[in-house]
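Trainee: Build me a model:
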Amino acid sequence: MRSWSLEFTDDQGISGSLELTVDDSTASFHARVVVPDVGVIVVRDDELAPPRRDDVLVVRGEGLWAELLCETPGEHWSIGLEAFGVRLFNRPEFALVVGDLHALLPSMPYRGLKRLLWRAYTAFEERNVQRIADRSLTFANGEALAVKHSRQGRAVIQTQTTTIDADAVNTREDTCNGGRVRMLTVSRIDPRKGLRVLPEAVRLLADAGIDAALDIVGGPVGAPGEDERRAIVDAANAHRVADRVSLLGPVPLERLLPAYRDYDIFVLPTLPGEGIPRVLLEAMAAGLPVVVTRVSGIPSLVTHETNGLLLESASASAVADAVTRLVRDGALRRRLISHGYDTARAHTLEAQAARMMRDVSARLGLSLRLSVTC
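Mentor: Residues are numbered from 1 along each chain as shown. Below is the predicted model of the structure:
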């Protein structure tokens, strides 16, 4: 049995603690968020209710999943949550870190007690991820995350998540040869992705004489995602480009990968908190020049003016300026496509898995067998 607590203070000066007890024998844990001056934070249906002195918030979990329960006298309810922690078993293991929760904090829309709860969760999760990186062989999605979690004597290994195989790399040499420039964004819809600037970017392109349209593939994530989706629709109406901006919702990967080839340019004005979005490699493999923000681990995959264009800000004008360059500069566009193919070939599923398993075998002293399916 192990126990520890994490003290936190939110941006309004409210302090509290997150208390956790882990039972290694059953791979379970029990946690409470306590705010002495306010009461115990209570969540009901993803909305924070005013706390009462006798409210008790409990998190109980097993393995990688957990349940949040209210044990207030006379009232019992629960909602499912992703686990707060990962149990370290007494056998060889490795971990993959794919995102940066702390970097997401400025873009999260929560206020008041809900923001306090999110900050407490983020602080706990950051500490938990670092504990894993300190004790296990760890890979990180991009250079920024690898540097963040590396410590003296225990380096985190940089990798890139990917969904493409060697046969998925396209051969076309150029795009933007039709009348209308078709732009594509593939992303979940939430405030962290910066998508609400895209309708204005489409309007700026139209004002510059470029006939452009945008398809956004991906669904909203929770209530913040629904709010963001409405904001994108409202922006498209406000900028009079509703006929040029389409939200297509989620598309299965087996249909999405070939669909990339129907587009001319890929844009993603994402905000800090990313590792390296796998969609960048998918776009490169399909022969799309990539426009993406210079945040987090992205510059370790995308080199400005070599295999993509990096934006210094996630603004409509920055997106429009980069797309305008690509439309009007054929030599630049073809260079990005060509080098994008090279990047995609270097980061296929087969190549990435071979590199990771080579490190796993060497670092953990394991003899790995190749599994072949017919």
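
Trainee: Could you report the neighbour count for the closest residue to residue 307 other than its chain neighbours?
Mentor: For residue 307, ignoring the flanking residues on the chain, the nearest one in space by CB to CB, 6 or more residues apart in numbering is residue 339 at 3.9 Å. Glycine gets a C-beta too; all of them are placed from N, C-alpha and C. A total of 18 residues lie near residue 339 under the criterion other CB atoms under 10 Å.

Trainee: Identify the residues contacting the residue nearest the centre of the chain.
Mentor: In the chain, the residue lying closest to the centroid (CA atoms, centre = their mean) is residue 274, at 4.8 Å. By CB atoms under 8 Å, 6 or more residues apart in numbering, residue 274 lies in contact with 99, 100, 142, 295, 296, 297, 298.

Trainee: Same list, those, but as a markdown table with neighbour count, secondary structure and pLDDT please.
Mentor: Conversion of the contacts of residue 274 to a markdown table gives the following (neighbours: other CB atoms under 10 Å; DSSP: H, G, I helix; E, B strand; the rest coil; pLDDT from 0 to 100):
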| residue | neighbour count | secondary structure | pLDDT |
| --- | --- | --- | --- |
| 99 | 19 | coil | 77 |
| 100 | 25 | coil | 78 |
| 142 | 26 | coil | 79 |
| 295 | 22 | coil | 90 |
| 296 | 24 | coil | 82 |
| 297 | 25 | coil | 85 |
| 298 | 25 | helix | 92 |
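
Trainee: Among those residues, which one lies nearest to residue 257?
Mentor: Proximity of the contacts of residue 274 to residue 257 (CB to CB) peaks at residue 298, which lies at 20.6 Å.

Trainee: who touches the closest one in this structure?
Mentor: 142, 270, 274, 276, 277, 280, 292, 310.

Trainee: What separation do you get for it and residue 189?
Mentor: Separation of residue 298 from residue 189 (CB to CB, to the nearest Å) stands at 19 Å.

Trainee: before we move on, what about residue 357?
Mentor: For residue 357 relative to residue 189 (CB to CB), the value is 34 Å.

Trainee: So the residue nearest to residue 307 belongs to a helix, correct?
Mentor: Yes: applying DSSP: H, G, I helix; E, B strand; the rest coil, one finds residue 339 inside a helix.

Trainee: Identify the residues contacting it.
Mentor: 303, 306, 307.

Trainee: Give me the neighbour count for the second one.
Mentor: Right, the one you point to is residue 306. 15.

Trainee: cool, and the last one?
Mentor: The burial count assigned to residue 307 is 22, neighbours taken as other CB under 10 Å.

Trainee: ok, it - contacts?
Mentor: Applying CB under 8 Å, 6+ apart to residue 307 gives the contacts 284, 290, 336, 339, 340, 342, 343.

Trainee: and which of the residues you listed is nearest to residue 95?
Mentor: residue 343 (25.1 Å).

Trainee: Show me where the stretch 51-200 of the chain has its strands.
Mentor: Assigned by DSSP state E, counting those that start in this stretch, the stretch 51-200 of the chain shows strands spanning 57-62, 65-70, 77-82, 94-97, 137-141, 157-159, 181-186.

Trainee: so what does the last one touch, helix or strand wise?
Mentor: Okay, so that is strand 181-186. Applying 3 or more CB pairs under 8 Å, 6 or more residues apart in numbering; DSSP states H and E, one finds that strand 181-186 contacts helix 198-207, strand 212-217, strand 265-268, helix 278-286, helix 316-328.

Trainee: Mean pLDDT lowest where, among these?
Mentor: Averaged per stretch, pLDDT over these is lowest on helix 278-286, reaching a mean of 94.

Trainee: need the next SSE after it, C-terminal direction.
Mentor: strand 290-293 (DSSP states H and E).

Trainee: mean confidence for that following strand?
Mentor: 97.

Trainee: Dump the C-alpha coordinates for it into CSV.
Mentor: The C-alpha trace of strand 290-293 is given here as CSV (Å, rounded to 0.1, in the frame of the first residue of the first chain):
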residue,chain,number,x,y,z
VAL,A,290,1.5,21.1,-44.7
VAL,A,291,0.7,24.3,-42.9
VAL,A,292,1.0,24.0,-39.1
THR,A,293,1.9,26.0,-36.0
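
Trainee: now it, how far from the centre of its chain.
Mentor: 15 Å (CA atoms, centre = their mean, to the nearest Å).

Trainee: correct me, but residue 134 touches residue 156?
Mentor: No: if you go by CB atoms under 8 Å, residue 134 and residue 156 don't touch, sitting 9.8 Å apart.

Trainee: Between those two, tell me which one has more neighbours.
Mentor: residue 156 (21 against 14).

Trainee: Provide a list of residue ranges in this structure with pLDDT below threshold.
Mentor: Scanning the chain for pLDDT under 70 picks out 1-92, 104-105, 107-115, 367-374.

Trainee: Can you show me the helices along it?
Mentor: 101-104, 112-135, 143-149, 198-207, 222-238, 253-259, 278-286, 316-328, 330-346, 349-364 (DSSP state H).

Trainee: ok, and which of these has the densest surroundings?
Mentor: helix 278-286 (a mean of 25; mean count of other CB atoms under 10 Å).

Trainee: In terms of secondary structure, what does that helix contact?
Mentor: For helix 278-286, the packing partners by 3+ CB pairs under 8 Å, 6+ apart are strand 181-186, helix 253-259, strand 265-268, strand 290-293, helix 330-346.
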